[in-house]
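>>> Build me a model from this:
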Amino acid sequence: MDLPSIEQRLVNGDALKVKYRYPCQDSGQGGHRTHGVRTDKLVDVSVELNRLYTLFRGVTPIWLDQEDVIEILPDDGVYEEFPDES
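Numbers count the residues shown, from 1 in each chain. All right, here's what the predicted structure looks like:
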(Lines give C-alpha, C1' and ligand atoms only; values in the text may rest on other atoms or scores of the structure.)
Protein backbone atom coordinates (compact mmCIF):
# COMPACT_ATOMS: atom_id res chain seq x y z
CA MET A 1 0.00 0.00 0.00
CA ASP A 2 1.43 3.35 -1.06
CA LEU A 3 0.69 5.60 1.93
CA PRO A 4 2.39 8.71 0.45
CA SER A 5 0.11 8.59 -2.61
CA ILE A 6 -2.98 8.05 -0.43
CA GLU A 7 -1.93 11.00 1.73
CA GLN A 8 -1.46 13.13 -1.40
CA ARG A 9 -4.93 12.17 -2.66
CA LEU A 10 -6.42 13.40 0.64
CA VAL A 11 -4.40 16.63 0.41
CA ASN A 12 -5.74 17.09 -3.15
CA GLY A 13 -9.30 16.88 -1.80
CA ASP A 14 -10.18 13.34 -2.90
CA ALA A 15 -12.87 11.81 -0.68
CA LEU A 16 -11.79 8.27 0.27
CA LYS A 17 -13.07 5.48 2.45
CA VAL A 18 -11.17 2.57 3.94
CA LYS A 19 -12.22 -1.07 4.14
CA TYR A 20 -10.54 -2.63 7.18
CA ARG A 21 -10.46 -5.49 9.66
CA TYR A 22 -10.95 -4.78 13.39
CA PRO A 23 -10.93 -7.04 16.48
CA CYS A 24 -14.17 -7.69 18.35
CA GLN A 25 -15.56 -10.16 20.88
CA ASP A 26 -18.25 -12.63 19.89
CA SER A 27 -19.92 -13.93 23.05
CA GLY A 28 -21.61 -16.62 20.97
CA GLN A 29 -18.21 -18.24 20.49
CA GLY A 30 -17.34 -18.55 24.18
CA GLY A 31 -15.32 -15.35 24.23
CA HIS A 32 -13.27 -16.39 21.18
CA ARG A 33 -11.78 -13.33 19.48
CA THR A 34 -13.20 -12.64 16.06
CA HIS A 35 -12.74 -9.84 13.56
CA GLY A 36 -15.24 -7.55 11.95
CA VAL A 37 -14.82 -5.94 8.55
CA ARG A 38 -16.31 -2.58 7.62
CA THR A 39 -15.86 0.59 5.61
CA ASP A 40 -15.60 4.11 7.05
CA LYS A 41 -14.50 7.54 5.85
CA LEU A 42 -10.71 7.91 5.66
CA VAL A 43 -9.82 11.13 7.48
CA ASP A 44 -6.00 11.15 7.63
CA VAL A 45 -2.78 9.21 6.99
CA SER A 46 0.52 9.14 8.89
CA VAL A 47 3.28 8.00 6.57
CA GLU A 48 5.81 8.10 9.43
CA LEU A 49 3.76 5.80 11.69
CA ASN A 50 2.32 3.61 8.87
CA ARG A 51 -1.20 4.37 10.11
CA LEU A 52 -4.50 5.46 8.66
CA TYR A 53 -7.17 7.31 10.62
CA THR A 54 -10.93 6.87 10.34
CA LEU A 55 -14.12 7.42 12.31
CA PHE A 56 -15.36 4.03 13.55
CA ARG A 57 -19.05 3.82 12.65
CA GLY A 58 -18.83 7.50 11.74
CA VAL A 59 -18.29 8.63 15.33
CA THR A 60 -15.23 7.40 17.23
CA PRO A 61 -11.78 8.39 15.90
CA ILE A 62 -9.48 5.36 15.59
CA TRP A 63 -6.17 4.57 13.92
CA LEU A 64 -5.49 1.52 11.77
CA ASP A 65 -2.19 -0.24 11.25
CA GLN A 66 -1.44 -0.66 7.58
CA GLU A 67 -1.82 -4.47 7.83
CA ASP A 68 -5.47 -4.07 8.99
CA VAL A 69 -6.42 -2.23 5.80
CA ILE A 70 -8.04 -4.32 3.07
CA GLU A 71 -8.47 -1.57 0.46
CA ILE A 72 -8.90 2.15 -0.14
CA LEU A 73 -11.96 3.16 -2.16
CA PRO A 74 -13.57 6.36 -3.44
CA ASP A 75 -15.93 7.65 -0.76
CA ASP A 76 -19.49 7.20 -1.99
CA GLY A 77 -20.98 7.97 1.45
CA VAL A 78 -22.00 4.34 2.05
CA TYR A 79 -20.33 2.76 5.10
CA GLU A 80 -21.03 -0.92 5.75
CA GLU A 81 -20.32 -3.96 7.90
CA PHE A 82 -19.14 -7.11 6.08
CA PRO A 83 -18.51 -10.73 7.07
CA ASP A 84 -14.87 -11.33 8.05
CA GLU A 85 -12.91 -12.12 4.88
CA SER A 86 -9.95 -13.85 6.56
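
>>> what about Leu42, how many neighbours?
25 (other CB atoms under 10 Å). For glycine as for every other residue, the C-beta is placed from the backbone atoms N, C-alpha and C.

>>> quick one: the strands in this protein?
Under the criterion DSSP state E, strands of the chain are mapped to 16-25, 33-46, 51-56, 60-65, 69-74, 81-82.

>>> okay, the ones you listed in CSV with distance to Gln8 and mean pLDDT next?
Below are the strands of the chain laid out as CSV (distance: least, CB to CB, whole Å; pLDDT from 0 to 100):
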stretch, distance to Gln8, mean pLDDT
strand 16-25, 11, 90
strand 33-46, 9, 91
strand 51-56, 14, 95
strand 60-65, 18, 94
strand 69-74, 12, 97
strand 81-82, 27, 90
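
>>> what's the closest of the ones you listed to Glu7?
strand 33-46 (4.2 Å; CB to CB).

>>> Now do the closest one: distance to the chain's middle.
Computed by CA atoms, centre = their mean, to the nearest Å, the chain-centroid distance of strand 33-46 equals 2 Å.

>>> cool, stretch 38-50 as well?
With CA atoms, centre = their mean, you get 7 Å for stretch 38-50.

>>> okay if I get the strands of the chain as JSON lines plus distance to Leu3?
Shown next, in JSON lines, are these (distance: least, CB to CB, whole Å):
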{"stretch": "strand 16-25", "distance to Leu3": "12"}
{"stretch": "strand 33-46", "distance to Leu3": "6"}
{"stretch": "strand 51-56", "distance to Leu3": "8"}
{"stretch": "strand 60-65", "distance to Leu3": "11"}
{"stretch": "strand 69-74", "distance to Leu3": "10"}
{"stretch": "strand 81-82", "distance to Leu3": "23"}
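
>>> which of those sits most buried?
For the strands of the chain, the largest average neighbour count (mean count of other CB atoms under 10 Å) is found in strand 51-56, namely a mean of 19.

>>> what's the angle between it and strand 16-25?
80 degrees (axes from the mean of the first three to the mean of the last three CA atoms, to 10 degrees).

>>> I'd like the distance between Val47 and Phe82.
27 Å (CB to CB, to the nearest Å).

>>> got it, and Thr54?
15 Å.
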